[in-house]
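Enquirer: Just need the structure, nothing else, for what follows:
(chains A, B, C and D)
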Number of protein chains: 2
Amino acid sequence: MSIQNGLSRRERQILDILFKRGRATAAEVHADLPDRPSNSAVRAHLRTLEEKGHVKHEAEDLRYVYSPAVQPAKARKSALRHVVETFFEGSPANAAAALLDSSAASLTGDDLDRLSALIDKARREGR
Amino acid sequence: MSIQNGLSRRERQILDILFKRGRATAAEVHADLPDRPSNSAVRAHLRTLEEKGHVKHEAEDLRYVYSPAVQPAKARKSALRHVVETFFEGSPANAAAALLDSSAASLTGDDLDRLSALIDKARREGR
DNA sequence: GAGGATCTGTTAGTTTTCTAGCAGGCTGGC
DNA sequence: GCCAGCCTGCTAGAAAACTAACAGATCCTC
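Expert: Numbers count the residues shown, from 1 in each chain, chains lettered A, B, ... in the order given. This next block holds a predicted model:
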């Protein structure tokens, strides 16, 4: 189950923006939201998200800067697991293949080397 | 932007189940939902999703069998793109690496061969 | 030190989501 | 026929999400 599963539509959008940017003020989040709600509404949501423990803030010269409360690594893993579960029958290999297949053109030589290395590593460990 | 972004919490949960199972009756969707709403509520949501065009149904001896209205391939791509965007700075390679890294143990030899082949292919085309 | 700009918190109201319950149709067994 | 079981559609009310507007605080400029 995804980490974002108990959240409302708006809360999820806001949390996504925070994951994407790492950290952001209420105004920045507001600017990134698709259908331009009121700034006040965004702030209210940020406070709610903080209450629920999904977000934290620190004061930075007079304004609040928000960031996700979970470690990025954990969030990434959770997001991937959810996609693999619901769209790839639980097979990470299928997901990885789809990823490679649809982005083949944009991968650099370094990317490919890195992925090859990971595969070799898995091969050695799996033996 | 994810295909599921305009949906409410429940609708998203329901749609996820349909993607996971491919097709399902209202009762099956109901059984898979985490916090057990009423069967009637689930049916209402399915009808709403159908109105919005996210889901379609066909009658199968007296009951409705629902399935996602978009092709699975498109849904998969969209889901991956969204995760890559919001959690991996838009880099499919990073996402693929995370996938390989965290699932290395469960990958079979065949999986690894297939992925190697994809990487080789990308290498040839990218040259 | 008054006015403006920018931020937060709170309040109260609207809108949407979410839900249970009931009515009606079809099927199969008694 | 008639009852039980399962399904759909509908309706109305509760709950939650969402929002605008206002009030207070701080900083900067004139």
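Enquirer: okay, CA-based contacts and neighbour counts for the rest of this
Expert: OK.
Enquirer: Now name the helix or strand holding the residue nearest in space to the middle of chain A.
Expert: Residue closest to the mean C-alpha point of chain A, counted by Cα atoms, centre = their mean, is residue A:19 at 4.8 Å. Using DSSP states H and E, residue A:19 sits in helix A:9-21.
Enquirer: Mind checking if that helix is in reach of DNA strand C?
Expert: No: between helix A:9-21 and DNA strand C, judged by Cα under 7 Å from any atom of the strand, nothing touches; the nearest distance is 8.0 Å.
Enquirer: Give me the residues contacting that helix.
Expert: Outside helix A:9-21, the residues that touch it by Cα atoms under 8 Å, 6 or more residues apart in numbering or on different chains are A:4, A:24, A:29, A:32-33, A:45-46, A:49, A:55, A:66-68, A:72, B:5-9, B:85-87, B:89.
Enquirer: Repeat that for stretch A:75-87.
Expert: Defining contact as Cα under 8 Å, 6+ apart, one finds that stretch A:75-87 is touched by A:1-3, A:90-92, A:95, B:16-17, B:19-20, B:72, B:75-76, B:79-80, B:83, B:87-88, B:98-99, B:102.
Enquirer: before we move on, back to that, between the helix holding residue A:19 and helix B:9-21, how big is the angle?
Expert: In terms of direction (axes from the mean of the first three to the mean of the last three Cα atoms, to 10 degrees), helix A:9-21 departs from helix B:9-21 by 70 degrees.
Enquirer: so for stretch A:8-24, what's the average pLDDT?
Expert: In this model, stretch A:8-24 has a mean pLDDT of 92.
Enquirer: Buried ones in it, by neighbour count?
Expert: For stretch A:8-24, burial by neighbour count (16 or more other Cα atoms under 10 Å in any protein chain shown) applies to A:8-21, A:23-24.
Enquirer: How far does it sit from its chain's centre?
Expert: Here stretch A:8-24 shows a centroid-to-chain-centroid distance of 8 Å under the convention Cα atoms, centre = their mean, to the nearest Å.
Enquirer: Dump that stretch to CSV, restricted to CA.
Expert: What follows is stretch A:8-24, C-alpha atoms only, in CSV (Å, rounded to 0.1, in the frame of the first residue of the first chain):
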residue,chain,number,x,y,z
SER,A,8,-7.1,13.4,-0.2
ARG,A,9,-6.6,14.5,-3.7
ARG,A,10,-5.2,17.9,-2.8
GLU,A,11,-3.0,16.6,0.0
ARG,A,12,-1.5,14.1,-2.4
GLN,A,13,-0.8,16.8,-5.0
ILE,A,14,0.9,18.9,-2.4
LEU,A,15,3.0,16.1,-1.0
ASP,A,16,4.1,15.2,-4.6
ILE,A,17,5.3,18.7,-5.1
LEU,A,18,7.3,18.6,-1.9
PHE,A,19,8.9,15.3,-2.9
LYS,A,20,9.7,16.7,-6.2
ARG,A,21,11.3,19.9,-4.9
GLY,A,22,12.7,18.5,-1.7
ARG,A,23,11.6,21.6,0.2
ALA,A,24,9.4,24.5,-0.6
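Enquirer: Against residue A:99, how distant is residue A:92?
Expert: 10 Å (Cα to Cα, to the nearest Å).
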